[in-house]
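Asks: Quick one, what's the 3D model for this:
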Amino acid sequence: MQLTFMGAGIVLCIAVLVIAGCVGSGPTGAGTPTPGPTGTPVMEGHIVADEGQNGATVYVNKSAEITLKLNENPTTGYQWNLTVSPGLTLTNDTYVRSDTSGKLMGAGGTRIWDLTASGTGTQTIHAVYMRSWEPLTGNETAFDMTVIVQ
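Replies: Okay, here's the model as predicted:
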């Protein structure tokens, strides 16, 4: 009899874990996908991208806003060098320190760029983490994202 109650308790625990795993708010800041003219999802709203989207392709409507956030530590001399294709307009470039108290010497932060999809077609975002005074070797950390603007 005791084994039956233990088995029921295990089944109940598993059921609670499965149900808890199905409840959540979903991704934040990623926009809402809707089918595009060719069935490809088009992100609507404000898209927020970070290192996790390196190499990704996103589909957006014209005038969509894109925010790119990449970790940076300019105290080491390394900074992101961003280039975007002509169909993307840079509207803001900000660096936010992770230590707002100013007590941690050498602490890094986040480089934040705001972009607007101003032209249609295939657009690109490319950033290289480098020291401006050193020549490129091809071994630098890079971020690339393709933006298809419809």
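
Asks: ok, the residue sitting nearest the centre point of the chain - contacts?
Replies: Against the mean C-alpha coordinate of the chain, by CA atoms, centre = their mean, the closest residue is residue 49 at 2.0 Å. With CB atoms under 8 Å, 6 or more residues apart in numbering as the criterion, the residues that contact residue 49 are 56, 58, 66-69, 145. To be clear about C-beta, it is placed using only N, CA and C from the backbone, and glycine gets the same treatment.

Asks: Looking at these, state which has the most neighbours.
Replies: Among these, the one with the most neighbours (other CB atoms under 10 Å) is residue 66, at 25 neighbours.

Asks: Show the subsequent helix or strand relative to the helix or strand harbouring that one.
Replies: Secondary-structure element containing residue 66, defined by DSSP states H and E: strand 65-72. Using DSSP H and E, the helix or strand that follows strand 65-72 towards the C-terminus is strand 78-84.

Asks: what ranges do the strands span in this structure?
Replies: With strands called from DSSP state E, the chain shows them at 32-35, 41-44, 46-49, 57-60, 65-72, 78-84, 88-97, 109-117, 121-131, 141-149.

Asks: hmm, back to that, what lies in contact with the strand holding residue 66?
Replies: Against strand 65-72 from outside (CB under 8 Å, 6+ apart): 29, 45-51, 58, 60, 78-80, 82, 88, 95, 108-117, 125, 127, 129, 143, 145, 147.
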